[in-house]
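Colleague: Give the three-dimensional model of this entry:
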Amino acid sequence: MHTSAFSINFVAAGAPRPLVKEADWNKLFQHLSENSIHTFFPTFQYQEIPKAKSYGYEALFGANCSSEGTAFKSLKAYGIKLILPTEILYPTIGSMNSNVSQDPLQKVISCAGGVENIAGITSYDEAVLHGKTLGEVEHLYKHVKRIAPEIPVLMVHAPIVLDKPQFQTVKLTEAYLDKVKEFSVFSDIVGFDVYPVPALVAQVATPKNKLKSYEGATAVAEYVHWMQENLGDKEHLMVLQGFSYDDLYDEAFLKRTVPEKLRAYVNAPTYEELSHMVRVSKEQGVNMIVWWGQGSLKSITQKPWPSILEISAHK
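Modeller: Numbers count the residues shown, from 1 in each chain. Got it, this is the predicted structure:
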């Protein structure tokens, strides 16, 4: 087991609605910086079900960015680094420009003021689960390294979720994990997104216990341990839960489709649960924690955002 004598890089993938709705970038990045979050993943989605909805500011951080725009000026003023989403930079294979100076990644590097302000670029999100091929993942990795070899490529894999058909048997799950190992070759930092609270809703199993759902730090610890055993030549990250499952729904749709008793059972992870998830990650050498889903929160006081800030500030 690794020691915990190092500091984890905490990343905000989006932020609660009031911090982003009006595109007041000084307000957003000052808030993050004051709470020791110095890396931002530009996603502005605030609803997932029944239809994904976003404020649409992702484009400001893509190939049409402006170094003189308020978004990048604010980033630099508050010392915030970016993790770039591949899906925004390269929506198609054809978006990768053979002319380095005209490539979307090179344009964003210029807007950010240099590679030192780019903390990473993601590979395709949950590539194995979403049907990407090994060839596509390899092509993207090699392209990024040709443009900016010093920028790490991050690969985030889907967890084992029991209500998905891909994980209905141990054999299917083992085949999935074999592909995770195969795809992860084309990354520098690799991890899983694990949102395990509450277990009854999340249905998150683990590589060790493939047919049973686990809650909280137990689930996180088993994913990190699997990475240490199977992907030990890579740096590791974990994407953790910045939301309650009912936050992801349109409110009217939630009330129409989810029984009241189940809605009452759903809760955001507590400070103690999140703190434990972070602690077991850190103890096993995880380098980066990405907070995900808080874009669906209606206020900066809504759980679990205050807990996320407190944990990040005391890393």
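Colleague: Could you spell out the sheet neighbours of the top strand by length along the chain, each with its direction?
Modeller: If you go by DSSP state E, the chain has its longest strand at strand 235-241. Strand 235-241 has its sheet partners listed here by DSSP bridges as strand 189-193 (parallel), strand 288-292 (parallel).
Colleague: can you list contacts of the last one?
Modeller: Meaning strand 288-292. With Cβ atoms under 8 Å, 6 or more residues apart in numbering as the test, strand 288-292 has contacts from 8-14, 41, 83, 154, 156, 189, 191, 193, 195, 235-243, 278, 281, 308, 312. Glycine gets a C-beta too; all of them are placed from N, C-alpha and C.
Colleague: Now do the buried residues in stretch 289-306.
Modeller: Going by neighbour count (16 or more other Cβ atoms under 10 Å), the buried part of stretch 289-306 is 289-297, 302-305.
Colleague: Tabulate the strands paired with strand 235-241 in CSV, adding columns for distance to residue 31.
Modeller: Conversion of the strands paired with strand 235-241 to CSV gives the following (distance: least, Cβ to Cβ, whole Å):
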stretch, distance to residue 31
strand 189-193, 23
strand 288-292, 13
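Colleague: To residue 20, which of those strands lies closest?
Modeller: For those, proximity to residue 20 was assessed by Cβ to Cβ; strand 288-292 is nearest, at 14.0 Å.
Colleague: And the helix or strand that the closest one is followed by, what does it pack against?
Modeller: Scanning the chain past strand 288-292 towards its C-terminal end, the next helix or strand to appear is helix 305-313 (assignment: DSSP states H and E). Under the contact criterion of 3 or more Cβ pairs under 8 Å, 6 or more residues apart in numbering; DSSP states H and E, the helices and strands touching helix 305-313 comprise helix 271-283.
Colleague: could you give the angle of the helix it packs on to strand 189-193?
Modeller: Taking axes from the mean of the first three to the mean of the last three Cα atoms, to 10 degrees, one finds helix 271-283 and strand 189-193 inclined to each other by 150 degrees.
Colleague: got the CA coordinates for helix 271-283 in PDB?
Modeller: Listed in PDB are the C-alpha atoms of helix 271-283, where the atom choice follows Å, rounded to 0.1, in the frame of the first residue of the first chain:
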ATOM      1  CA  TYR A 271     -19.100  14.300   4.600                       C
ATOM      2  CA  GLU A 272     -18.100  11.100   6.400                       C
ATOM      3  CA  GLU A 273     -18.700   8.900   3.400                       C
ATOM      4  CA  LEU A 274     -16.900  11.200   1.000                       C
ATOM      5  CA  SER A 275     -14.000  11.800   3.400                       C
ATOM      6  CA  HIS A 276     -13.600   8.000   3.700                       C
ATOM      7  CA  MET A 277     -13.700   7.500  -0.100                       C
ATOM      8  CA  VAL A 278     -11.000  10.100  -0.400                       C
ATOM      9  CA  ARG A 279      -8.900   8.600   2.400                       C
ATOM     10  CA  VAL A 280      -8.900   5.100   1.000                       C
ATOM     11  CA  SER A 281      -8.000   6.500  -2.400                       C
ATOM     12  CA  LYS A 282      -5.100   8.500  -1.000                       C
ATOM     13  CA  GLU A 283      -3.800   5.600   1.000                       C
END
